[in-house]
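1. Structure, please.
(3 chains)
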Amino acid sequence: MPRPDAAAPASSIEPAEAGLLHRRIRDWFAASARDLPWRRPGCDPWGILVSEFMLQQTPVVRVLPVWEQWMQRWPRPADLAADSAGEAVRAWGRLGYPRRALRLHAAAAAIVDRHGGRVPDDHASLLELPGVGTYTAAAVASFAFGLPETVVDTNIRRVHARLVTGAALPAPTLTAAEMRLAQKLMPGSGTKEWNAGAMELGALICTARSPRCDACPVMDRCAWVKAGRPEPHYVPKGQAWAGTDRQVRGAMMAVLREAESSVPRGILLGSMELAVLPSAYQGPLAALRALPAGDEQLGRALDGLLTDGLAVTAGDGISLPG
DNA sequence: GACACGTGGCA
DNA sequence: TTGCCAAGTGT
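-> Model (predicted):
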């Protein structure tokens, strides 16, 4: 049975065709890449690792200012490891998914403990760091150390789906066929520029919505364009937000980030009046109170934060982890 | 493999 | 305005 959105067999890419794609995309990258600070020659592996953590599910424009602050404050892994996890979470600000801040802090500690304070330069060691999965390990190995790792992120998956497979979008989850295709497409040299170029092409040109095919360096080779740019075969599953525990957790985290010290549990749960509280977190607190969350959901959200280590019990209250 | 997990910009 | 989407990871 045909599976239209599955990746094509790797054997369908001829060496000459692959060579053409390598040349075109790397040339395009050299001419069109954004000047991002973590791509500059002076950026060390730690700066690249920090950028990869922040870029997980978060757009570049929002990462830029926070990355600059982090590198200024914690220029080496040991600097971050010497500070508290709570400070990392606070400095994470509103980037989202604050557990990434916790894991980056833990990764810094692991780098100090297990690697003498230097970011490890092999895929296996990187993969053992907290918060580092298949993608991030390959990205750091490739971008920081120039190793010939196969990087597969959401941009690259979409580029491959269109260019080679002819589908409008990649499958909902990463498949083994996609990994084989990505490996088959890897050039014999210049892998760093190939990985970065394919990713950048997906981010700037071959975008999820309204791709700019007129500016694409490989439009004439694109299987999806040749097929008449068919619609996706499935409807992407949306992310619920309003009324979810995530929304409540986010509002509670905003209160904890802004608070100078610990926050009484009853304040977070809405069972205690504000009266004479220090005013630092009144804004975030008002936002939390405005949510249509019942006692049960408030309790569940707080328990989740405590379980995840994003918050800890401190005296009679709740605070960011020490 | 399906889910949970933040946040804000853009069409 | 509502919904989609962004350099994923851990369970």
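
2. how about the nearest residue to the closest residue to DNA strand B within the stretch 201-322 of chain A, chain neighbours excluded?
-> Here the stretch 201-322 of chain A gets closest to DNA strand B at one residue, A:Gly250, 1.9 Å apart by Cβ to the nearest atom of the strand. C-beta: built from backbone N, CA, C; applies to glycine. Nearest non-adjacent residue to A:Gly250, counting by Cβ to Cβ, 6 or more residues apart in numbering: A:Gly96, 8.0 Å away.

3. so which helix or strand takes in the residue of the stretch 201-322 of chain A closest to DNA strand B?
-> Remark: A:Gly250 resides in helix A:245-258, with elements defined by DSSP states H and E.

4. Which pLDDT value goes with the residue of the stretch 201-322 of chain A closest to DNA strand B?
-> pLDDT recorded at A:Gly250 is 97.

5. Any idea how many residues pack against it?
-> Using other Cβ atoms under 10 Å, A:Gly250 is surrounded by 20 other residues.

6. next one: A:Gln297
-> With other Cβ under 10 Å as criterion, A:Gln297 counts 16.

7. Next: A:Glu14.
-> There are 9 residues near A:Glu14, going by other Cβ under 10 Å.

8. How confident is the prediction for it, by pLDDT?
-> For A:Glu14, the model assigns a pLDDT of 89.

9. low pLDDT regions in the stretch 201-322 of chain A?
-> Per-residue confidence for the stretch 201-322 of chain A (pLDDT under 70) gives these ranges: A:274-281.

10. where does it come near DNA strand C, residue by residue?
-> By Cβ under 7 Å from any atom of the strand, the residues of the stretch 201-322 of chain A that approach DNA strand C are A:Gly202, A:Ala203, A:Thr207, A:Ala208, A:Arg209, A:Val235, A:Pro236, A:Gly238, A:Gln239, A:Trp241.

11. If we check DNA strand B, which of these are in contact?
-> With Cβ under 7 Å from any atom of the strand as the criterion, those include A:Arg209, A:Gln239, A:Trp241 near DNA strand B.

12. Point me to the residue of the stretch 1-150 of chain A nearest DNA strand C.
-> Scanning the stretch 1-150 of chain A for the residue nearest DNA strand C gives A:Gly133, at 2.6 Å (criterion: Cβ to the nearest atom of the strand).

13. gap between the residue lying closest to that residue once chain neighbours are set aside and A:Ala110?
-> In this structure, A:Gly133 finds its nearest non-sequential neighbour in A:Leu127, 7.4 Å apart by Cβ to Cβ, 6+ apart. A:Leu127 sits at a distance of 12 Å from A:Ala110 (criterion: Cβ to Cβ, to the nearest Å).

14. got it, and A:Glu178?
-> 30 Å.

15. Do me a favour and get the backbone dihedrals for the residue of the stretch 1-150 of chain A found nearest DNA strand B.
-> For the stretch 1-150 of chain A and DNA strand B, the shortest gap (Cβ to the nearest atom of the strand) falls at A:Gly96, measuring 2.1 Å. The phi/psi pair for A:Gly96 (degrees, to the nearest 10) reads phi 100, psi 160.
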